[in-house]
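Peer 1: predicted model follows, preceded by the sequence.
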Amino acid sequence: MYSSRLHWDVRPNRIACTLARKRSEGIAILDLTESNPTHAGLHYPPEILRVFDDERLLRYEPTPQGMMEAREVVVGYYAARGIAIEPERILLTASTSEAYAYLFKLLADPGDEVLVPRPSYPLFEFLANLESVVVRSYPLVYYGGWSINWQALLAAITERTRAIVVVNPNNPTGSFLKKDEVERLAALSFERQIALISDEVFSDYAFGADGERAVTVAGLEQGLAFALSGLSKVAGLPQMKLGWMVMAGASEERRRARERLEWIADTYLSVGTPVQCAAARLLTAGRSVQEQIRSRTAENLQFVRRALEGTKVNLLNVEGGWYATLQIPRVRSEEEWTLELLERANVLVQPGYFYDFESEAFLVASLLTEPGIFQHGLRKLVAVTTHV
């Protein structure tokens, strides 16, 4: 009766069951997984509530690529980062997830393949399956920092590969692509006629400067590439539902992609008029939220580094984003560690296998967590993992 695309096991896992039991008993949980900025104790400027006082919101004049005014806001966002693009290269979506859905429709037939990094955010498989696309992964390797395993990436490419997805910086490792990696990916994309999709939602959150980092693929002039971002992370406004993609690469390929994407977008017309009219003011108001997030994540990262000195827990090198990856003693599985932290210390973290880490044992904590909760929870984590 139901589509075979919806084949996932929806039963709660042991961690979810333990968490639900704890909360039903009224036990306070030190949640180190908070990734929703609207739940993280940040101050949102009151002008955000007034940006929708606009008579234009009452008129519906749909444009498949999005209103020119809103696309010009995105042009300004990239111009401030030294990247010159034209509004014609931008297509607005309701979210980055929707942008992926559009691109999988654009690039792949049922049964075709997309390559995604491992470790990375687990949403890719769900998004691809809903478009009847197959996910194949290529590993990132860690030697004091993360990089692409090129031999494995090349081996993963088949005749049905239609796109290579990169996350820059990666979620959850916080690793940025380097300029030479982007150059090599662009050449590979051109040579194999495979599109490059770059998820750049966390690119504004770098810890320090590094001239070797590649911040975006929006300036590529070879092959076909797409840079994805949106207000959810850029301005800490996930509830506003405005994302975008920038088409990059050779001009003729960009034109062909734009024509087809317009058909897809015109079919759904999902981006609301209010958020498009308010885009400029939302982005401006969201700068203070972004600065709070920058300060929060930097403060929590500094605490991690101090708190882990001389302990059995190791912080993997992180360059940006909202997460910290902690390597813990491999004396039990990640699930067992996560359950023990919940049972003994009422601390919630995510096990590395949620993100397809190749080996154990890793735990992932959100640097967006309120500092008091974060520091208390991390101290308890260190205490539990020390007495093994």
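Peer 2: Here it is on my side, so go on. Predicted, not measured: the structure shown is a model, and the values here were computed from it.
Peer 1: give the residue spans of this structure that score low on pLDDT.
Peer 2: For the chain, the stretches flagged by pLDDT under 70 are 388.
Peer 1: list the strands paired with the longest strand belonging to it, with their directions.
Peer 2: Using DSSP state E to define each element, the chain has its longest strand at strand 134-142. Sheet pairing of strand 134-142 (DSSP bridges) gives strand 113-118 (parallel), strand 146-148 (antiparallel).
Peer 1: beyond the longest helix belonging to the chain, next helix or strand please.
Peer 2: In the chain, taking DSSP state H as the definition, the longest helix is helix 279-307. Later in the chain than helix 279-307, the nearest helix or strand by DSSP states H and E is strand 314-315.
Peer 1: give me the contact list for that following strand.
Peer 2: Residues outside strand 314-315 that contact it (Cβ atoms under 8 Å, 6 or more residues apart in numbering) are 304-305, 308, 324-328. Every C-beta, even on glycine, is put in place using the N, C-alpha and C of the backbone.
Peer 1: for the stretch 51-200 of the chain, what spans make up the strands?
Peer 2: Counting by DSSP state E, counting those that start in this stretch, the segments of the stretch 51-200 of the chain that form strands are 90-93, 113-118, 134-142, 146-148, 161-167, 195-199.
Peer 1: now the angle from the third one to strand 161-167?
Peer 2: In this case it means strand 134-142. For strand 134-142 against strand 161-167, the angle by axes from the mean of the first three to the mean of the last three Cα atoms, to 10 degrees is 40 degrees.
Peer 1: quick one on the thing from earlier: save the strands of the stretch 51-200 of the chain as CSV, and put in mean neighbour count too.
Peer 2: What follows is the strands of the stretch 51-200 of the chain, written out as CSV (neighbours: other Cβ atoms under 10 Å):
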stretch, mean neighbour count
strand 90-93, 26
strand 113-118, 23
strand 134-142, 18
strand 146-148, 19
strand 161-167, 23
strand 195-199, 25
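Peer 1: reformat those strands as a markdown table; add distance to Leu283.
Peer 2: Output for the strands of the stretch 51-200 of the chain, formatted as a markdown table (distance: least, Cβ to Cβ, whole Å):
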| stretch | distance to Leu283 |
| --- | --- |
| strand 90-93 | 13 |
| strand 113-118 | 28 |
| strand 134-142 | 31 |
| strand 146-148 | 30 |
| strand 161-167 | 22 |
| strand 195-199 | 19 |
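Peer 1: and of the ones you listed, who's closest to Val10?
Peer 2: strand 134-142 (18.9 Å; Cβ to Cβ).
Peer 1: could I get the closest one in CSV with only the CA atoms?
Peer 2: C-alpha atoms of strand 134-142 as CSV (Å, rounded to 0.1, in the frame of the first residue of the first chain):
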residue,chain,number,x,y,z
VAL,A,134,21.1,5.7,-4.4
VAL,A,135,23.6,7.0,-1.9
ARG,A,136,27.2,5.8,-2.1
SER,A,137,29.8,7.2,0.3
TYR,A,138,33.4,8.1,0.2
PRO,A,139,35.5,8.4,3.3
LEU,A,140,37.2,11.3,4.9
VAL,A,141,40.5,10.4,6.7
TYR,A,142,42.0,12.0,9.8
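Peer 1: domain map for the chain?
Peer 2: 14-43+287-386, 46-283 (automatic domain parsing).
Peer 1: in the chain, which spans are helices?
Peer 2: Going by DSSP H, the chain shows helices at 14-24, 68-79, 96-107, 123-130, 150-156, 179-192, 231-234, 251-268, 273-277, 279-307, 334-345, 371-386.
Peer 1: tell me which of the ones you listed lies nearest to Phe52.
Peer 2: Closest among these, using Cβ to Cβ: helix 273-277, at 5.3 Å.
Peer 1: next one: the closest one to chain centre, how far?
Peer 2: 23 Å (Cα atoms, centre = their mean, to the nearest Å).
Peer 1: what's the local residue count around the closest residue to Asp54 other than its chain neighbours?
Peer 2: Spatial nearest neighbour of Asp54, excluding adjacent residues (Cβ to Cβ, 6 or more residues apart in numbering): Cys277 at 5.2 Å. When neighbours are counted by other Cβ atoms under 10 Å, Cys277 registers 20.
Peer 1: how close does Cys277 get to Met68?
Peer 2: 12 Å (Cβ to Cβ, to the nearest Å).
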